[in-house]
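Asker: Sequence first, predicted coordinates after that:
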Amino acid sequence: MDSVTASGPPSSINSPEHSRGRLFVVAGPSGVGKDTLIGELLGRWPFYLSVSATTRPPRPDEVNGRDYIFLSDADFDQWIVDNRFLEWAEFSGSRYGSPLQPVDEHLAAGTDVVLEIEVQGAMQIKQRVPEAVFVFIEPPSLEVLEARLAGRGDTGDIESRLERARVEMDLADEFDHRIVNEVLSDAVARLLFVVARSEGSNNDHTVD
Ligand code: ADP
Ligand code: 5GP
């Protein structure tokens, strides 16, 4: 991780070389459908999806290292001290962060990278990697969002996630692109369109 510095961004992340991958930051309220949308992109566009670290306990179907890197509070603290995060933030009583090294390595190798994160983290990346492409996914309404959270099986913290959603939606104007996830196939097409037209695209993915 020789490109990491304590005082600023890793030099290679901001490098203007054209062969580097592009960094896409996809944010939006929990339950809006970010995972679902990004899942639909698999096979239609070659990209690396960053695996975040979190102090939240795993959900029953989640696998350590695939869905998240599950860390204790003490280990998360140590990762912060060691500058292992590109960004990190608190959400609903837990901490979440994007590991820097894999992101840096994939971009350097020319692979596009997607971060699926909440808004505070996206704002940190805006400061640190301003050339990244920022996409905000919106629900058709808060009622629909609540139904999606419940439909996914969330129970205890739906109210706090909805409260947070209101705050996040106030920051939507800070993003380069806003996509309403109402009809999934429409939202997928819009996201692919953003990918295709973003600077540096080699247009080798499908847009319909
Ligand atoms: P996020 O990653 O933003 O927290 P998820 O991808 O887990 O959200 O989606 C939350 C729930 O909403 C899931 O049950 C998912 O199947 C559902 N969902 C996602 N997009 C749509 C859509 N366009 N229409 C209806 N349900 C959706
Ligand atoms: P969940 O607990 O539903 O998996 O995630 C809660 C929220 O944390 C979601 O909005 C998700 O996008 C966000 N999140 C996941 N990983 C990261 C990360 O690495 N950094 C930040 N800032 N947010 C994250």
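Answerer: Everything's here; your move. Ligands and ions are numbered 1, 2, ... in the order given.
Asker: Get me the contact residues on the protein for ligand 1.
Answerer: With Cβ under 6 Å from any ligand atom as the criterion, the chain meets ligand 1 at residues 30, 31, 32, 33, 34, 35, 36, 148, 151, 152, 181, 184. The C-beta positions use only the backbone N, C-alpha and C, and glycine is treated the same way.
Asker: Show me the two of those that sit farthest apart.
Answerer: Spatial extent of the residues of the chain next to ligand 1 (Cβ to Cβ) is set by the pair 30 and 184 at 17.1 Å.
Asker: out of the two, which sits in the more crowded spot?
Answerer: residue 30 (22 against 12; other Cβ atoms under 10 Å).
Asker: do you know how far the more buried one is from ligand 2?
Answerer: 4 Å (Cβ to the nearest ligand atom, to the nearest Å).
Asker: Quick check: that residue touching residue 149?
Answerer: Yes. Using Cβ atoms under 8 Å, residue 30 is in contact with residue 149, at 7.0 Å.
Asker: between those two, what contacts are shared?
Answerer: Here residue 30 and residue 149 have residue 161 as joint contacts, going by Cβ atoms under 8 Å, 6 or more residues apart in numbering.
Asker: What residues does residue 62 make contact with?
Answerer: Residue 62 makes contacts with residue 68, as judged by Cβ under 8 Å, 6+ apart.
Asker: Which strands and helices lie in contact with whichever strand or helix holds residue 160?
Answerer: In this assignment (DSSP states H and E), residue 160 forms part of helix 158-169. Under the contact criterion of 3 or more Cβ pairs under 8 Å, 6 or more residues apart in numbering; DSSP states H and E, helix 158-169 touches helix 142-151.
Asker: so how far is the helix it packs on from its chain's centroid?
Answerer: Distance of helix 142-151 from its chain centroid, counting by Cα atoms, centre = their mean, to the nearest Å, is 20 Å.
Asker: Name the residues of that helix that are buried.
Answerer: By neighbour count on 16 or more other Cβ atoms under 10 Å, the buried set for helix 142-151 is 145, 146, 148, 149.
Asker: Looking at the residues you listed, which is nearest ligand 2?
Answerer: For the buried residues of helix 142-151, the closest approach to ligand 2 (Cβ to the nearest ligand atom) belongs to residue 149, at 8.9 Å.
Asker: got the contact list for the residue nearest to that closest one when sequence neighbours are not counted?
Answerer: Excluding the flanking residues, the one nearest residue 149 by Cβ to Cβ, 6 or more residues apart in numbering is residue 31, at 3.9 Å. Taking Cβ under 8 Å, 6+ apart, we find residue 31 in contact with 139, 145, 146, 148, 149, 152, 154, 161, 165.
Asker: From these, which shows the smallest pLDDT?
Answerer: Across the set of the contacts of residue 31, residue 154 stands lowest in pLDDT, at 74.
Asker: Check the gap between the residue in the chain that ligand 1 sits nearest to and residue 39 for me.
Answerer: Nearest residue of the chain to ligand 1: residue 33, at 2.9 Å (Cβ to the nearest ligand atom). Using Cβ to Cβ, to the nearest Å, residue 33 is found at 10 Å from residue 39.
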